[in-house]
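> how would this look folded up:
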Amino acid sequence: MKNNRALWVLQWLLALLFLFSGGVKLVLPAAQLMQQAPMLSVGFLRFVGVCEALGALGLVLPWLLRIQPRLTPLAAACLVIIMIGAVTVTVMTTSAAMAILPAVVGLLLVWIAYGRFRPTPAGSK
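Prediction:
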């Protein structure tokens, strides 16, 4: 019961984080996007923004609406892949110390994917 509540809180917080992050990648001008990650193309960064926004919705909506709740751990697992890329790009462009934040977010997503993969009633909070 406590684990389920902790997962819900974490799902909502990470969904807000990814919705913001993805939205920023979609609305920033190309020049500002290129300053953040000069080794990646604008098109790829926009694609990542779309994936982050969709992943944010996937973290909460399937489980909340009880429609295909198995998509929630899938969304978390896909966002883990994005976080692996974020850690790699951060280490390559800045320092390993700055890569701690995306690494922690990735580990939290792993916990969500594992916690929601186990069969649990979708409506229990």
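> all contacts plus neighbour counts: C-alpha atoms, from now on.
Fine.
> check which residues of the strand or helix carrying A103 are buried.
With secondary structure defined by DSSP states H and E, A103 is part of helix 100-117. Neighbour-count burial for helix 100-117 flags P102, A103, V105, G106, L108, L109, V110, W111, I112, A113, R116 (criterion: 16 or more other Cα atoms under 10 Å).
> helices and strands of this structure: which one bottoms out on pLDDT?
Ranked by mean pLDDT, DSSP states H and E, the weakest helix or strand in the chain is helix 30-36, scoring a mean of 89.
> export that helix to PDB, keeping only CA atoms.
Extracted in PDB, the C-alpha atoms of helix 30-36 (Å, rounded to 0.1, in the frame of the first residue of the first chain):
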ATOM      1  CA  ALA A  30      16.700  26.100 -32.800                       C
ATOM      2  CA  ALA A  31      19.700  28.300 -31.900                       C
ATOM      3  CA  GLN A  32      19.000  27.900 -28.100                       C
ATOM      4  CA  LEU A  33      18.500  24.200 -28.500                       C
ATOM      5  CA  MET A  34      21.900  23.900 -30.200                       C
ATOM      6  CA  GLN A  35      23.600  25.700 -27.400                       C
ATOM      7  CA  GLN A  36      22.500  23.000 -24.900                       C
END
